[in-house]
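In: Here is a sequence with its predicted model. Questions after.
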Amino acid sequence: MAKQRRITRESKRIRAHFHITDFNNGGIESSLLQWLRILDRSLFRVSLSVTYASPALEHRFRAQIPADVPIEVLADRPWLRYFQSRRHQNRLGKPGRVARDVHSALVVRPHVAKRIKAIASDVDVIIDYDMSLRRLCGQFDVAWLGIHHFSFRARLSGRANRVRRLLRQYGGYDCLGALNEQMAEEAMQMFGSQLKGVAVLPNAIDVEAVRKRAAAGRSELGLGRPYIVSVARLDELQKDHRTLLRAYAAMVRQHAVDEQLVIVGDGAHRNELEALARELGIAGRVHFTGQLDNPHPVMAGASMLVLSSKNEGMPMVLIEALALGQVVVATDCPTGPRAILNHGKAGVLVPVGDVDAMAAAMARLINDEPLRQAYAEVAVARAAFFDVKQSNQRLYDCLEDIRSARRKIAA
């Protein structure tokens with residue numbers, strides 16, 4: 001991308017429209033909310049569309065979206081959202097999934113295309129935040145930026161047919177946004193020169209807002225003793241709490257530690273993980289809180305935060321932990337933790353799935369107060385890289401580069 005531009009009051013306001021399929025309780029939704037909050041309104045006019053209005057949007061997220069961001073629901077009629085509604089009610093089943101895919105291709109997708117075409121006439125760029133509009137990208141005489149949130153290698157390795165299919169679709173974006181350098185390198189290796197452009201756009205964060213949320217809220221754990229915290233969806237295909245539980249059990253057996261383990265989040269594997277804690281003999285020391293609207297007080301009060309994932313994109317929880325000056329242990333998974341923790345300078349990296357390494361890292365930090373303090377100081381400095389000013393500058397530069405390239409082609 002081009003050399004960084006100096007943003008001034010005279011800079012032209014960019015009409016940026018974000019899109020996501022729907023809101024659930026994942027990291028993509030959290031990172032999108034951060035962008036909607038932190039974008040400088042003197043530089044960006046921001047709008048949002050969702051394909052479906054999920055229960056999570058109505059009951060949790062809608063109140064968190066800034067009031068000046070208009071929200072347009074594209075599949076806004078009962079016959080368009082029928083199968084998606086059944087999915088949210090866990091009433092879909094295998095035949096229902098097949099019917100949903102056919103219904104989506106023949107009914108929902110053409111309807112969404114018409115709605116996006118109308119939106120495109122009033123914006124400068126569509127930011128396809130989960131790349132769910134990839135079959136439409138490149139159309140409607142508008143700039144397109146697609147944001148990819150996961151490791152290309154972890155998701156697509158060994159799936160040559162899917163890579164070829166996605167390549168045809170991804171080629172329509174004016175630019176593909178990768179959350180870190182490693183992810184950008186994977187994109188270039190996998191898709192090569194077929195992409196029009198790749199930009200590194202880390203997740204954004206309002207450092208002061210995170211700290212205020214931590215200070216304003218109350219941790220109601222009531223443990224009365226120190227604890228280690230993990231904040232992640234209970235999804236063992238990605239988050240690997242099994243390794244965390246086994247590492248914690250090993251640490252408890254090998255070291256005299258007071259720290260309990262608090263696991264914040266919910267998901268399909270909760271019962272299995274609770275059963276594993278009982279099997280390991282640590283159930284009395286492990287506390288599952290479920291989903292918390294504001295986990296920051298719990299994060300701020302912990303001895304350390306641990307992320308045990310098999311793969312990631314750019315996990316918001318690690319950036320938030322840095323903002324809180326928290327000590328971090330994270331797996332060196334593709335991708336995100338290494339970039340966020342500045343190659344291990346702002347936190348401890350351990351191999352994916354390595355129970356002994358994770359147990360040793362947690363025990364060392366618990367028993368070495370000067371080391372914890374040193375990591376905490378580096379964490380606060382590192383968080384500034386993801387803060388409001390630098391994030392606005394990165395996105396502004398990226399969108400201006402896209403628009404400049406389009407103007408050259410048109411000329």
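Out: Happy to help now that I have it. What you see is a predicted model; the values in this text were computed from it and never measured. Residues are numbered from 1 along each chain as shown.
In: Could you pull out the strands in the stretch 301-411 of the chain for me?
Out: 304-307, 328-331, 348-350 (DSSP state E, counting those that start in this stretch).
In: pull the CA atoms of the first one into CSV?
Out: Right, strand 304-307. Written as CSV, here are the backbone C-alpha positions of strand 304-307 (Å, rounded to 0.1, in the frame of the first residue of the first chain):
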residue,chain,number,x,y,z
MET,A,304,-3.0,-13.8,33.8
LEU,A,305,-5.1,-14.6,30.6
VAL,A,306,-4.6,-17.8,28.6
LEU,A,307,-5.6,-18.4,25.0
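In: partner strands of that strand, parallel or antiparallel?
Out: Sheet pairing here is set by DSSP bridges, and for strand 304-307 it gives strand 227-231 (parallel), strand 328-331 (parallel).
In: Show me the chain divided up by domain.
Out: The domain map for the chain lists 14-204+388-410, 207-386, with the assignment taken from automatic domain parsing.
In: Return the per-residue confidence for the closest residue to Lys196 other than its chain neighbours.
Out: Computed as CB to CB, 6 or more residues apart in numbering, the closest residue to Lys196 that is not its neighbour in sequence is Asp174, at 5.6 Å. For every residue, glycine as well, the C-beta is placed using N, CA and C. If you check Asp174, the pLDDT there is 96.
In: Asp174: what's it in contact with?
Out: Shown in contact with Asp174 (CB atoms under 8 Å, 6 or more residues apart in numbering): 138, 143-145, 196-197, 402, 405-406.
In: of the residues you listed, buried ones?
Out: 138, 143-145, 196, 402, 405-406 (16 or more other CB atoms under 10 Å).
In: now, which of those lie within helices?
Out: Taking DSSP state H, the ones among the buried ones among the contacts of Asp174 that sit in helices are 402, 405-406.
In: Throw those residues into TSV and include distance to Ala381 and pLDDT, thanks.
Out: Listed next are those as TSV, based on distance: CB to CB, whole Å; pLDDT from 0 to 100:
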residue	distance to Ala381	pLDDT
Ile402	31	96
Ala405	35	91
Arg406	38	91
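In: nearest to Tyr227, of the residues you listed?
Out: Proximity to Tyr227 was ranked across those by CB to CB; first place goes to Ile402, at 45.2 Å.
In: Any chance of a markdown table for the strands of the stretch 301-411 of the chain, columns mean neighbour count, mean pLDDT and distance to Leu237?
Out: Output for these, formatted as a markdown table (neighbours: other CB atoms under 10 Å; pLDDT from 0 to 100; distance: least, CB to CB, whole Å):
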| stretch | mean neighbour count | mean pLDDT | distance to Leu237 |
| --- | --- | --- | --- |
| strand 304-307 | 26 | 98 | 15 |
| strand 328-331 | 26 | 98 | 14 |
| strand 348-350 | 22 | 98 | 20 |
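In: tell me the contacts of Ala405?
Out: So Ala405 contacts 174, 196-197 (CB under 8 Å, 6+ apart).
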